[in-house]
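Student: Sequence and predicted model, in that order:
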Amino acid sequence: MNRIKLANGVEMPLLGYGTMMMTPEETKAAVLEAIDLGYRNIDTAQAYYNEEGVGAALTETTVPREDLFVTTKVWIASAGETAAAKSIDESLTKLQTNYIDLLLIHQPYGDYYGTWRAMEKAYRDGKVRAIGVCNQDVTQLIDFATFNEIAPMVNQLETHVFNQQRAFRPYLAKFNTQIEGWSPLAQAPKELAQQPTLVEIAQKYQKSPAQVALRFLVQDGVPVIPKSSHRSRMIENISIFDFALTDSEMDQVRSLDQETPRVFDFTNPQMVEGLFQNFNLGNNH
């Protein structure tokens with residue numbers, strides 16, 4: 001599995017396996033299958049309520065823990081230094097591991113500066129190998145990276161061929177913050193399958209348009225975490241390292257960028273309000 005190096009030297013696999021909207025039981029089975037297929041980067045979160053499933057898979061797999069890269073995220077309900085510190089220890093217990101490879105702040109709401117202080121301490125204490133954020137916009141990242149001792153090593157953002165975050169990337173680079181793409185297929189399988197540029201390139205390499213979309217991102221330096229519970233799709237998503245796009249093809253796919261989110265717009269108050277309504281803001285531990 002190809003990897004990319006974070007600011008502190010920790011290497012993160014370019015392709016991961018997402019677990020959102022899975023029960024713990026479903027998660028255990030899916031993660032075991034993903035690991036068996038070659039995935040080494042597993043992404044979960046406190047708000048997914050399935051860290052236990054990932055932990056169960058970690059204890060059953062024959063792949064050594066040091067060969068796996070596990071990400072989880074501190075939810076808004078655990079914002080603040082004290083609550084976040086407690087939640088990190090609870091996540092470690094649920095994951096049945098002595099360390100988390102990448103710990104992220106899931107959403108930039110609540111006392112996330114306090115959350116970051118707890119994460120910095122967990123990092124120094126060896127409980128976490130790398131720390132970062134999700135869904136911070138440019139102004140939030142500049143403020144956060146400037147006024148904290150450790151700048152975020154990762155910013156996990158909605159990133160796909162239709163929203164490539166290109167204007168954001170110089171600011172990420174300024175703070176040595178690695179972009180990571182969630183929803184790398186834009187939750188639009190039919191649109192990807194019919195997109196003429198992707199179809200043409202896919203036919204050349206005998207790949208699917210979705211594979212071309214994923215290949216474009218990882219070749220452009222964006223680690224991705226596609227999610228599927230179907231074995232055939234899991235195999236398809238990981239089978240992107242046996243071909244490479246030409247410079248001309250990369251430029252063609254870059255031209256598909258519409259510079260707007262497709263899945264979730266954090267500038268839309270109604271969507272943000274819905275986020276709070278759809279996820280339990282009570283203590284989820």
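Tutor: Received, thanks.
Student: and the nearest residue to residue 195 once chain neighbours are set aside, what does it touch?
Tutor: Closest residue in space to residue 195, ignoring its immediate chain neighbours: residue 209 at 6.0 Å, by C-beta to C-beta, 6 or more residues apart in numbering. Where C-beta positions appear, they are placed from N, C-alpha and C, glycine not excepted. Residue 209 is in contact with 192, 193, 194, 195, 198, 199, 201, 202, counting by C-beta atoms under 8 Å, 6 or more residues apart in numbering.
Student: Take those residues and keep only those in helices.
Tutor: If you go by DSSP state H, the contacts of residue 209 have 192, 193, 194, 198, 199, 201, 202 in helices.
Student: List only buried entries from the residues you listed.
Tutor: 192, 198, 201, 202 (16 or more other C-beta atoms under 10 Å).
Student: ok, so what distance separates the residue of the chain most remote from its centre from residue 162?
Tutor: Taking C-alpha atoms, centre = their mean, the residue of the chain most remote from its mean C-alpha position is residue 204, at 29.3 Å. Residue 204 sits 21 Å away from residue 162 when distances are taken as C-beta to C-beta, to the nearest Å.
Student: And residue 201, by the same measure?
Tutor: From residue 201 to residue 162 the distance is 16 Å (C-beta to C-beta).
Student: Residue 110 now?
Tutor: 30 Å.
Student: before we move on, what about residue 182?
Tutor: Distance from residue 182 to residue 162, by C-beta to C-beta: 14 Å.
Student: pLDDT below threshold where in the stretch 1-150 of the chain?
Tutor: The stretch 1-150 of the chain contains no residues with pLDDT under 70.
Student: quick one: the strands in it?
Tutor: Using DSSP state E, counting those that start in this stretch, the strands of the stretch 1-150 of the chain run over 3-5, 11-13, 17-18, 41-43, 69-74, 102-105, 131-134.
Student: I'd like these as JSON lines, with mean neighbour count appended.
Tutor: Listed next are the strands of the stretch 1-150 of the chain as JSON lines, based on neighbours: other C-beta atoms under 10 Å:
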{"stretch": "strand 3-5", "mean neighbour count": "13"}
{"stretch": "strand 11-13", "mean neighbour count": "20"}
{"stretch": "strand 17-18", "mean neighbour count": "24"}
{"stretch": "strand 41-43", "mean neighbour count": "25"}
{"stretch": "strand 69-74", "mean neighbour count": "27"}
{"stretch": "strand 102-105", "mean neighbour count": "27"}
{"stretch": "strand 131-134", "mean neighbour count": "24"}
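Student: Pipe the ones you listed into a markdown table and attach distance to residue 257 per row.
Tutor: Listed next are the strands of the stretch 1-150 of the chain as a markdown table, based on distance: least, C-beta to C-beta, whole Å:
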| stretch | distance to residue 257 |
| --- | --- |
| strand 3-5 | 21 |
| strand 11-13 | 24 |
| strand 17-18 | 22 |
| strand 41-43 | 24 |
| strand 69-74 | 26 |
| strand 102-105 | 24 |
| strand 131-134 | 21 |
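Student: Between those strands, which one is closest to residue 118.
Tutor: strand 69-74 (8.0 Å; C-beta to C-beta).
Student: what comes up buried for the helix or strand harbouring residue 251?
Tutor: Here residue 251, judged by DSSP states H and E, is contained in helix 247-254. Across helix 247-254, burial judged by 16+ other C-beta under 10 Å covers 249, 250, 252, 253.
Student: same thing with stretch 123-143?
Tutor: 123, 127, 128, 129, 130, 131, 132, 133, 134, 135, 136, 141.
Student: got the contact list for the fifth one?
Tutor: Think residue 130. 6, 8, 10, 12, 101, 102, 103, 123, 153, 154.
Student: can you name the two of these that are farthest apart?
Tutor: 12 and 123 (15.0 Å).
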